[in-house]
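Q: model the following, please.
(3 chains)
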Amino acid sequence: MLFDYVNVLVFMTVGVLFLVGSLLAARLASRLLHSRIHNLDKLTNYECGERPIGGTAIQFNIRFYVIALIFVIFEVEVVFLYPWAVVFKDLGFFAFVEMSIFILILLVGLAYVWCKGDLEWVKPSEISLARERSSQEHGEILHR
Amino acid sequence: MLLVIIFTIFAAITIISAGMVAFSQNIVYSAFSLLFTFFGIAGLYVLLAADFLAATQLLIYVGGILVLLLFGVMLTHKIQEVNLSNESMRLAPAAIVVLAFLGLLSIAIYRTQWPTVPVPELTPTTARIGTLFMTDYLLPFEIASLVLLTALVGAVFIARGRVKK
Amino acid sequence: MNLNWTAILPEIFITLTALGVLGIDLFYTRYQKDKTLNAIVTLSGMGIAFLLLPFLSAKTQIFTSLFVLDPLAIFFKMVFLISGSMTALISINYLKMEGFDLGEYYGVLLFSILGMMVMASANDFILIYLGLELMTVSFYVLSGFFKTDLRSNEAALKYLILGGFASALFLYGISLLYGVTGSTEISYIAGYLTEQTRTGADSVAGVTSAVLSHPLLSLSLIMLLAGLCFKVAAVPFHMWTPDVYEGAPTSVTAFMSVGPKAAGFVVMLRVLLVALGALEKQWMVILAVISILTMTLGNIVAIAQQNVKRMLAYSSIAHAGYILLGIVASARVLTAGSASVVFYILSYAFMNLGAFTVLLALRKEDKQTGLMVPAMDLEDFSGLSKRDPLTAFLMLIFMFSLTGIPPTAGFVGKFYLFMSAVDANLVWLAVIGVINSAISAYYYLRILVYIYMKEPKVVQSVDNSSSLWVALYVMALATLLIGILPNLLFNVARASVVSLF
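A: Coordinates of the predicted model:
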């Protein structure tokens, strides 16, 4: 059985070799071909031809984290589903009931995050709040 | 012999990258080094003929938890400061504790007469795990779902931005 | 597969209640002003589970080989349900006052109780670990429940990191034990190790058998002990306790100082006395040292505290030391020792929850803002007897009980504990316990000095919500009743542990 994984190992090794090889080749090619003129624009990060604003390290929105968290939990659920699916046919109805309980319990979790609005990306109230704030600021500016 | 070489490679990947996690000055490098640690451990699982566990390791730890960790790193508001570093502190006491523990473990492992069994025929483990989940280990299986639910509710509750009144 | 479903009925009920409470919060939230409904559902769910338990107690029931429902498990489940419902009662108004009246609280509280109940019944290390995780994960959340409070955040983070470390150690211990014995089932491990002892004794006189002298076995014992000592907050794994107890919401701290501790001790009883009973010579010495350190450090550091919540945290460390003393004694006098442990845990649950409840109920006026904030410092208690004699008297009962002054539960509990140590020929250990009780009198009675002999320094008020006072009366009455009529409960405790061996 162990040797079933040899092809994975070979695949992986080839992948790593390809990666290292291409990086080395690129390095070599750039050393041979690159021009010796440096200026500030040339040394900046490439950002679709625009001048980059700020650093590349930016603070992410907390929502990414919440979504990733939910993802991990349900990924673990899927991992539990897999061995069940392999033997489901042999074990029959009882196994189906057991798995249904398992999934139902986690569905409560899904209902929880859904109803509490953790899956919504931008909340409508936030948009209106932002609008209010900006119009207020405009008003102040106009007032002056 | 081939197995020994492969084992050595995976073990080396695990240990070296784990060391980089601990000693790297840059927290992002630490997080990425963790990827190789998880990967090396998955390789070791394969060598132990625990194929399902290896796949799970890759799927959950590399695919999920590491991403979560990286988000965690990117969420810190100090990320924009240039000299973001996590220096290793108090190296000496930590080294003493770690070496003492390592010594204790190695002595224990060498002096133990392991109750060994003949190596059974190596077969895919997934079906056996599935059967055990549905029969003998039914209760732990269902409780695992409750642990997951609690973790989900709790973590989302804590991570949620503000308190809804 | 023949499953005895009745054995897990209380757990099923608690699960359904927890899911129901989460459900109410999702779909019914529009029609309710506050979360009293959640609390009522929580309480009635725990009540029904509690009432179910005596009906199941006729004989030891088994749901697969992993889960047993013996009298010990039932006794501890009752302890968890009682302390859990007390916690729910005292939380109702507290959460409203602190502005965190959220439905998640009760759901997560129920899940933590479920985890403890699983731990009490587990006959397999895998199930123990899952119960432990369910309980701890819930407490990570509960201790950080006041999200805007920085100290609550700190408590949650500290508990999470150190708790994860302890769980990992525990798990490593389990895996080593599995490596040596080839099973994770407690009764199997017990049988295997006893067998090894017997065959070892047969072979060569004076030479223990190969398996029992395994260094790995000792190593796994140490790791299991480390994980459990963390959960019960015993020295040297107590570092998290003061900070977490101080930072967490007071209602959570109250429950945290009772529930997880009791759950840790029931696992300890099963693991040490049953699974690793053959290794008692090894763990007795370790536990005796831990017990002495825990008592002494807890009591001495508690003296220096000005913050009452922190003081009670150190006091709860010290009480873990007393209980460990009972476990050490039960290595020699099995029934008497473990019965005194079980008895003390119930008494401790009432008196400690009571003391925390008084702390939670007491509020003072903040001089700058004029708002009523939780009173935490020793100074805030000064002159309480003049303002509110009843609360002061209840605090007196709890403090007397924690010190071990008759006629309270704490006195009888300590009496049984120290007597079992004497029976086990561990007189010196009992003496250290008594000396420690004397030290503890200093800081427990100091609060009473502040309450009865000093003039008020701040404007105090006491929460007068009926739910809190019901809980307070129940706990004070129980503390006194156990102290006056201990035999009744001690017989129950003795009956509960007999089934273990």
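
Q: helix/strand/coil for the residue nearest the centre of chain B?
A: Closest to where the C-alpha atoms of chain B average out (CA atoms, centre = their mean) is B:Phe38, at 5.5 Å. Three-state assignment for B:Phe38 (DSSP: H, G, I helix; E, B strand; the rest coil): helix.

Q: neighbours around the residue in chain B that chain C sits nearest to, how many?
A: Among the residues of chain B, B:Gly154 lies closest to chain C, at 3.3 Å counting by CB to the nearest CB. The C-beta positions use only the backbone N, C-alpha and C, and glycine is treated the same way. Per other CB atoms under 10 Å in any protein chain shown, the neighbour tally for B:Gly154 reads 23.

Q: and it, what element?
A: Secondary-structure assignment from DSSP states H and E places B:Gly154 in helix B:138-159.

Q: what helices or strands is that helix leaning on?
A: Packing partners of helix B:138-159 (3 or more CB pairs under 8 Å, 6 or more residues apart in numbering or on different chains; DSSP states H and E): helix A:62-91, helix A:93-115, helix C:104-121, helix C:125-143.

Q: deepest-packed of these, please.
A: Mean neighbour count (mean count of other CB atoms under 10 Å in any protein chain shown) peaks for helix C:104-121 among the helices and strands packed on helix B:138-159, with a mean of 29.

Q: possible to save the helices and strands packed on helix B:138-159 as TSV with distance to C:Ile161?
A: Formatted as TSV, the helices and strands packed on helix B:138-159 follow (distance: least, CB to CB, whole Å):
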stretch	distance to C:Ile161
helix A:62-91	18
helix A:93-115	24
helix C:104-121	19
helix C:125-143	10
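
Q: turn those helices into TSV, including distance to C:Gly326 and mean pLDDT.
A: Compiled in TSV, the helices and strands packed on helix B:138-159 are given as follows (distance: least, CB to CB, whole Å; pLDDT from 0 to 100):
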stretch	distance to C:Gly326	mean pLDDT
helix A:62-91	39	87
helix A:93-115	38	89
helix C:104-121	17	94
helix C:125-143	21	94
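
Q: can you redo the ones you listed as TSV with distance to chain B?
A: Listed next are the helices and strands packed on helix B:138-159 as TSV, based on distance: least, CB to the nearest CB, whole Å:
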stretch	distance to chain B
helix A:62-91	3
helix A:93-115	4
helix C:104-121	5
helix C:125-143	3
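
Q: for those helices, which one sits closest to C:Pro260?
A: Set against C:Pro260 and scored by CB to CB, these come closest in helix C:125-143, at 6.0 Å.

Q: okay, the angle between the helix holding B:Gly154 and helix C:125-143?
A: The directions of helix B:138-159 and helix C:125-143 differ by 20 degrees, with axes from the mean of the first three to the mean of the last three CA atoms, to 10 degrees as the criterion.

Q: now the element after the helix or strand of chain C with the lowest mean pLDDT, going C-ward?
A: The helix or strand of chain C with the poorest confidence is strand C:61-63; it has a mean of 72 (mean pLDDT, DSSP states H and E). Helices and strands here follow DSSP H and E; after strand C:61-63, the next one along the chain is strand C:67-69.

Q: averaged pLDDT, that following strand. What do you get?
A: For strand C:67-69, the mean pLDDT works out to 87.
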